[in-house]
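Peer 1: Have a look; sequence and predicted model below, questions after that.
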Amino acid sequence: MTTPRSRRRRRERFLPYLLLAPALILLVGMLYPFGLGIYYSLTSYWLQYPNRFRFVWFDNYVDLLGEPLFVRALEFTIGFTLVAVAVQVGLGLAVALFLHARIPGRSAIRALMLMPLMIPPVITALMWKIMMASTNAGILNYVLSFIGVDPINWFGSTQGAIVSVLIIDTWGNLPFVALILLGGLQAIPTEPYEAALVDGAGPVAMLRYVTLPLLSPFIVLAVTFRAMDSLRIFDVIYATTAGGPNDATTNLQIMAYQYSFQWYQMGKGMAQAIVLLLLVVMVSYLLMRLWNRASESTQ
Amino acid sequence: MRLQRQWRYGLLLTGIFIVGGWLSAFAQDDHTLAYYRQAKINWRQAEGQSLTIGLNKHPFTESLLPLIPEFRRLTGINVEYLILPENEYFTKLVADLSQQRGEFSVIMTGPMRNWQYVPPDWIVPLDDFLNNPNLTDRGWFNLEDFYTALIAANRWNGKTGGGVGEGPLYSIPVLEESYILAYRKDIFDQYSIKVPTTLDEMAEAARQVKKNAGIAGIVARGTPAIGTVATGFISGLKGYTDGQWKELDDKLAANLHDPRSVKYTEAWVTMVRESGPPNWANMQWYDAMEAFTAGQGGMIADADFFAANYEDPKKSKIAGKVGYTLIPTGAGGNPHSGLWTWALGISKAAKNKEAAWLFVQWATSQSTLLNATINYRNYNPSRASITNDPRVQEIMGAWGGGSYLKTVAKNLETARVAWIPQPERTRLGDIWARALHEVYFQRMPAADALKKASGEVDKVLKEAGIKP
Amino acid sequence: MTSRAVSYQRLMRQVAIALASVVLLVWTVFPFVWILLTSLKSPGDIISVPPTFIFTPTVDNYAALVVGEQRGQYASTRPDFPRYFLNSMIISMGAVALSVAAGIPAAYALARFKFPGKNALAFVLLSFRFVPFIAFVIPLYILYQRFGLYNTHAGLILAYQLITLPFTVWMLRSFFMEIPMEIQEAAKIDGCSWLGVLGRVILPLSAPGISVTVILGFMFCWNAFNYPLMLAGRQTFPVTVGAIQFISYEQVLWGQMAAATIVAALPQLLLSLMVQKYIVRGLTMGAVK
C-alpha cells in the first residue's frame, strides 16, 4: 500500500538525481566529443593523409614514451607547476596577511587587485612580451637600468624564458590567490587569537599555531586552483615563447597543440592530451583528499 | 503657415540630396566598374550566389575589403570573408579543408602550402577556368603580365620530390616575396665597413657594426619554427652551395647534415650568437623587422618587401639610410634566393566554383592589384605592368636610392622556390629550426644537431608514407 | 622603551607599510597602465627606443576600432570590433545564465541531499574543467560542422559550459552549504517544499555568493580564446579572437590591440566594481564546510 508519505519519500529519493539532471545532460553531451578524442588517440589520424587512417591501439602512447621531447615536456610540466604554485601561494599568503592588517587604502587596493583577471591571458602575454624586450627597448629593462641592473634577456635565453613565463603567470593569478586567502583570514574567528594572546604568544607564534592551521583549507583550495591551471598552462606560453627557446618552455599542452594544430597529427596529439588529462586527474584527486582532511581538522 | 513651408522646403532638399547621392553612386559605379566591364564575359552569371573567403591578415586582403561592395555590384555575388593572422588562419583553413565542408570557397595559399593541399585533393586546378571563354577573357586578364617565375611556382604536377613549374596551376599570385640583404648604409659608410658578398664577409661586417655602432650587427628571425630557416637562411645556404644542395636527396632522405650545410650552419649561428640580438631565439618575423626599422640592427636578410616599412618616414627611424644588396653567396657567386607568393586558390568543397573563379579573376586583375599596391602598400607586385607603372616606380625607385629595384630585379632572375615539394615541408622546417636552437645554445655541435634533425625528418616522412 | 623609540618604530612601520603598498600597487597596475599608454600612442612612439612616457597622445587607435579607417598610418581595419564586443556579451552572458540555471539545482542537490554516488558525481562534474582543451576542440569542431552548430552563438554557449558549469556548481554548492540547517528546517516546518526552501531561503541568503560566481564565470568566458578560435566564424568571434587580428603580415598594430584590450576589459571592470564588496567574502565562503 502506498501512502502519501512513502510516495513522497520515493519522490525524494529520485529528487537529487532530477536536480542534477540538467547539469549532467549538458556535460554528458560533451562526453561524445571527448570519446571521439579518445578514439582518435587510438588511431593514426593525420589530417592530410585521410587514406592512412587506421586503428593502432596504444601505439601512440607507447611511441610517446620513446619521444625525448615528451620526457622534457613532462619534466617541465611538473617542475613548473611545483615552482609556480609555491611562488604564487607563498606570495599570495604574504599579500593576504598584508591586506588583512588594518592598513590605509586597503579597500582600494583590493578593488584594483582583480584587474589582472580582466585581461585575456593571450593579450596579457603579448603585452608583457613587449614590456620584456631584451634590450633597453623594453620598458622593464629600461626601468631596471635605473637601479643599475644590466638588460636581462627575458625571452632569448632558456632560463630567462622560464622565469618570464613564471612572472607573467604570477602577475595574472596572484590576485586570485591573495583574495582567496584574504577571505580565509577574514573567516577565522577571533577566539583562538584571544586565547593565544592570553597564553602570551608573539606574532610569529600566532602565525604558526593559529593562523596557518585555521587557514589550511583555504591554502589547499588555492593550491588546488593553481596546480590545476599550472599543469595546463597554455595561453601565456603560446603567445610569448611558443614552447621555446630550444623547447625550454614546452609543456604537455603545448606539445599536444603542436602535434594537433601545427602538424595536424591528430592521433598523437590526442594521445598527449589524454596523458595530460590523466596527470591532472591524479593530482586533483590527491589534492581533493588533502582538502577533505584539512577541512575536517579545522572543525 | 511658415512652418508648413519650411517643412516642405526641408523635404524637397532632402529629396534632392537622396536622389543626387543615389545618382552619383551610380555614376561612380559606372566609372570604377568600367575597367571590369571591358572583359568580354558575363560577370553576372553567378548572380545571387554566396561565397566565403578565407584570408590571411595582409595588406592585400586589407586592400580587397573596401572593394568587396564593388564586386557585389559587378556580379551580384554575396561575399563573406574571414581574416586571421597567419598561424591561426592556417589552423582554421586546414581544419576546414580536411573536413571538406566548404566553409571557405576562395582561400589564400601559396606554392609550398599547396603541396599539402593537392595530394588529398583539397583544392582545384584553375586551368579549366582560365581556358573557359565563358568564365575568363584571357586577353583582358592577361596571365602573361604575371612574372613567369611566380606563375611557375604555383604550378605543380603533384609528384613528391619534383615537378614545381609543371602541371596544373593551383593558385594565382598576388604578390612576390624574395629574399635580399638590407643594411644600414649610413653605418657602413661611417665606419668603412665593406658590403658583404660572402658569408664570412657578412660575419665580419656584423662584428664591425656591433663594435662600432653598439647595436646588433645582424637581426634575424629565430623562433623554433620554419620561418627562421625559410627566408634569409635557406637563401644563403643555397647561394653558399651554388644551388646544388637540397634538403632531401633523390631518394627523399633528409640531407640537413650534409657537410656543406653543417659548415654554413656553424658559421651562421656563430655570427648570430656573436653579433646578433640577445633574444634572437624568440624573434618572430615582425620582431626582426621592427628591430631593424627602429634602428637596432645593422643588417637583415629577409623578405624584400619589408623595405616598405624601412622606408616609411612615418614610423621608421632609418628611412633613407638603408642599402639593398643580394644575400651573400659562396665562391660560386650566384644568388639563389628562395621565393614565395601569396596566391588565391579555390577549395574543392566550394559549392559555387564558378562564382569563386569570378572572384579570383576580379581580385587578381590588373586594376585591383594596382590599387592594392598603390593605395594599400601591397608589395612586391606580382604583375610586371604594376611594377612598371610610373607611380609605383616612383615609390619603389626611391628605396635605397635605387638599389632596391636593381637588387630585386637581379634576384628574380634566379629566385626559385627553395624547397623540394612534399606535404611535410612545414614539419621539416620546424625540425630544422629546432636543430638551429640546439646549436645556438651550444647543447650540440652543428654536425650532431643536424644529423639528429635529419633522422627526425626521415621518421616523419616514413610515418606519413611519403618515403617508402 | 622611550617614547621617541616607540614613535620611531611606528614611523618605520608606517614607511614599510607604505612602501609595500606602493610596490604591490605598481606591480598589479603597471602593465595595465602601460597598455593604456600604448593605446594612446602613435606608431612611431610605440616602437621608439628607449620607451617613451612623454608623448603626444592620440585617439586614432580607438577611432580605428569603431570607424575602421586608420587616419593615414595603416591600412584600414574593418569596423568589426563592435560586433566582436557584442558577440562576447551575448556568449558570455548566455553561457553564465545557462550554467546558473543548470547549476543551482545541481548545487542544491549536492549540498543538501544524501544519495549514493554523490561524491563521485561531484568529482566527475568538477573534472570536466580539467580536460585539456585540445582533447575537445577538434572533435567538437568536427561534430559542430556536422550538426550545424559551427559559428553559432548557441554552439559557443554550449561549448563554454565546459568552462563555467563545473566551476559554477562547485562554488554554488559551497555557498549553499554555508547556510545553517536550522533555517532550512524552520522553513520546512512552515510547510515549504524543497522548491520553496530553495527559492525562499537558500537563494536570497546566498545572493552575494551567486553574484561572485556569476562575475567570475563571466570573466572566464570573456577571456576564452581557444574554443572560439576553432568553433566560431567571423560572425561570432568574440573580442579575444578579434584582438589578435591586429597582427598583420607586415606589421603589428600594437596601438590598436592595446585599445581593443582596454575596451574589452571595461565590462568586467564595471561588473567587478559593482560587486566588489562581495567578492572577497564570496570567493571563500564555502571553503570551510
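Peer 2: Looks like it came in fine.
Peer 1: helix or strand right after the worst-scoring helix or strand of chain B on mean pLDDT?
Peer 2: Among the helices and strands of chain B, helix B:2-37 carries the lowest confidence by mean pLDDT, DSSP states H and E, at a mean of 60. On the C-terminal side of helix B:2-37, the nearest following helix or strand under DSSP states H and E is strand B:50-56.
Peer 1: now for that next one, which elements pack on it?
Peer 2: The contact analysis (3 or more C-beta pairs under 8 Å, 6 or more residues apart in numbering or on different chains; DSSP states H and E) places strand B:50-56 against strand B:78-84, helix B:86-99, strand B:106-109, helix B:353-363. Every C-beta, even on glycine, is put in place using the N, C-alpha and C of the backbone.
Peer 1: Need the winner for burial among those.
Peer 2: Compared across the helices and strands packed on strand B:50-56, strand B:106-109 shows the largest average neighbour count, a mean of 26 (mean count of other C-beta atoms under 10 Å in any protein chain shown).
Peer 1: can you give me the offset of the very next helix or strand once past that strand from its chain's centre?
Peer 2: Next along the chain after strand B:106-109, taking DSSP H and E as the criterion, comes helix B:111-117. The gap between where helix B:111-117 is centred and where its chain is centred comes out at 14 Å by C-alpha atoms, centre = their mean, to the nearest Å.
Peer 1: helices or strands up against helix B:111-117?
Peer 2: helix B:86-99, strand B:155-156, strand B:339-340, strand B:343-346, helix B:425-440.
Peer 1: Take these and write them to a markdown table, including distance to A:L91 and mean pLDDT.
Peer 2: Converted to a markdown table, these look like this (distance: least, C-beta to C-beta, whole Å; pLDDT from 0 to 100):
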| stretch | distance to A:L91 | mean pLDDT |
| --- | --- | --- |
| helix B:86-99 | 33 | 87 |
| strand B:155-156 | 56 | 94 |
| strand B:339-340 | 47 | 92 |
| strand B:343-346 | 52 | 95 |
| helix B:425-440 | 32 | 94 |
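Peer 1: could these go into a markdown table alongside distance to A:A205?
Peer 2: Conversion of the helices and strands packed on helix B:111-117 to a markdown table gives the following (distance: least, C-beta to C-beta, whole Å):
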| stretch | distance to A:A205 |
| --- | --- |
| helix B:86-99 | 55 |
| strand B:155-156 | 77 |
| strand B:339-340 | 69 |
| strand B:343-346 | 74 |
| helix B:425-440 | 51 |
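Peer 1: would you list these in JSON lines and tack on distance to chain A?
Peer 2: Formatted as JSON lines, the helices and strands packed on helix B:111-117 follow (distance: least, C-beta to the nearest C-beta, whole Å):
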{"stretch": "helix B:86-99", "distance to chain A": "4"}
{"stretch": "strand B:155-156", "distance to chain A": "15"}
{"stretch": "strand B:339-340", "distance to chain A": "19"}
{"stretch": "strand B:343-346", "distance to chain A": "15"}
{"stretch": "helix B:425-440", "distance to chain A": "4"}
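Peer 1: any weak-confidence spans in the stretch 151-289 of chain C?
Peer 2: By pLDDT under 70, the low-scoring segments of the stretch 151-289 of chain C are C:247-252, C:275-289.
Peer 1: Mind jotting down where the helices sit in it?
Peer 2: With DSSP state H, counting those that start in this stretch, the ranges of helices along the stretch 151-289 of chain C come out as C:153-178, C:181-189, C:194-196, C:203-205, C:207-222, C:226-231, C:239-243, C:254-274, C:276-284.
Peer 1: what separates the second one from the chain centre, distance-wise?
Peer 2: I take that to be helix C:181-189. For helix C:181-189 - counting by C-alpha atoms, centre = their mean - the centre lies 35 Å from the chain centre.
Peer 1: can you check the third one too?
Peer 2: Between the centre of helix C:194-196 and the centre of its chain there are 31 Å (C-alpha atoms, centre = their mean).
Peer 1: Could you pull out the buried residues of it?
Peer 2: Buried residues in helix C:194-196, counting neighbours by 16 or more other C-beta atoms under 10 Å in any protein chain shown, are found at C:W194.
Peer 1: Does chain A have contacts with it?
Peer 2: Yes - counting by C-beta under 8 Å from any C-beta of the partner chain, chain A is contacted by helix C:194-196 at C:W194.
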